[in-house]
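Engineer: From the sequence below, what's the structure:
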Amino acid sequence: MLREMADLGFEQVELSYCVRIVLVPGILKAVEEGMIKVGSTHNVCPLPIGVVQAAPNLFEPSATDHKEPEQWVRHTKRSIDFAAQVRARVAVYHLSSGSFFGSIPARKLKKYLRENPSAGRDGDPKDAALVAKALEKLRKRMKPFWAQTQASAPEVFDSAAVKGVKLSFETRAKFEELPLDADYADFVAGLPEGSTARYWHDPAHADIKQTM
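Structural biologist: You can find the predicted model right below:
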C-alpha cells in the first residue's frame, strides 16, 4: 500500500489505527528505504496482537474502571515509540467520552434532529433549548470521566517529549465526548509545549447528526 501511494505521488502519509502488527516490518523497510515519509500516526498504531480491525477507541483514558486507562497509557506509549521509529513528527490520539448507558444526555436532542434535519442550522429555539438541556445533563454527569482523563493524559507526556514526538489530541464527532466547549481552552493551556488539540464540533452540532 505504501508503495502504491508513493507511485501516486504522495510524499507523506498518516499511519492509522488500522495498521496490524504484521504490517510493521514492511512499513519500517519502506521508511528506511526512503520510499515514503510518515507525517503522523494515529493511536492505536500498530494494533495490539490479536486485534485485526480498526480500533481507535480500543481503550479510553476516561474509563472509570482503572484497568482501561492503564491499558490506554500502556498502548499509547507503545504508539509513541512506533511514531518515533517511523520518524513521524506527530501522534494523534482521541480524547475521551462519558459512558452513560441508558441515560444518554442528548437522547431527546438526537430524536429532534432526526425529525428536523435542519434544526441545528436555522436558529430553531426548540433546538437551542434541547442543546442547553443536554449540555446541562452532560455537565452534571461528566465529572468522573473528565477527572480520569486529566489523570491519564499527563502520563504519556514525558514519553512523547523523550521521543521528540508532538501529541495531537482529538475530539471526534459525538455529543458525549469531552472536553466540553467551555473546558477546551483550559485543557489546551495545560498541554505540554509543542502539543496541539483538534476539535471537530461545529456550531450547528452536525456532529450529532453524523452519529445517529
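
Engineer: And the helix or strand harbouring Ala160, how far out from the chain middle?
Structural biologist: Per DSSP states H and E, Ala160 falls inside helix 157-163. Distance of helix 157-163 from the chain centroid (CA atoms, centre = their mean, to the nearest Å) equals 18 Å.

Engineer: change the start of the numbering to 179 and stick with it
Structural biologist: With 179 as the first residue, the last one maps to helix 335-341.

Engineer: Return the alpha-carbon coordinates of the very next helix or strand once past that helix using CSV.
Structural biologist: Counting by DSSP H and E, the next helix or strand C-terminal to helix 335-341 is strand 344-349. The C-alpha coordinates for strand 344-349 follow below in CSV (Å, rounded to 0.1, in the frame of the first residue of the first chain):
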residue,chain,number,x,y,z
LYS,A,344,4.3,16.0,19.3
LEU,A,345,0.9,15.0,20.6
SER,A,346,-2.3,16.0,18.9
PHE,A,347,-5.4,15.3,21.0
GLU,A,348,-8.6,15.0,19.0
THR,A,349,-12.2,15.2,20.0
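
Engineer: Now find how far off-centre the next helix-or-strand element following strand 344-349 is within its chain.
Structural biologist: For strand 344-349, the following helix or strand on the C-terminal side (DSSP H and E) is strand 355-356. Offset of strand 355-356 from its chain centre (CA atoms, centre = their mean): 10 Å.

Engineer: which other residues reach strand 355-356?
Structural biologist: Here strand 355-356 makes contact (CB atoms under 8 Å, 6 or more residues apart in numbering) with Ser240, Leu273, Ser274, Ser275, Gly276, Met320, Phe323, Trp324, Thr327, Thr349. Yep, even glycine has a C-beta here, placed from its N, CA and C like the rest.

Engineer: ok, these vs Asp300, which is closest?
Structural biologist: Thr349 (24.9 Å; CB to CB).

Engineer: so that closest one bridges to which residues?
Structural biologist: Beta-bridge partners of Thr349, counted by DSSP bridges, are Tyr377.

Engineer: ok, of the contacts of strand 355-356, which come out buried?
Structural biologist: Taking 16 or more other CB atoms under 10 Å as the criterion, what is buried in these is Ser240, Leu273, Ser274, Ser275, Gly276, Met320, Phe323, Trp324, Thr327, Thr349.

Engineer: Would you quantify the distance from the residue in the chain sticking out farthest from the centre to Ala310?
Structural biologist: Going by CA atoms, centre = their mean, the residue of the chain most distant from its centre is Pro303, 31.2 Å out. Noted for Pro303: a distance of 11 Å to Ala310, by CB to CB, to the nearest Å.
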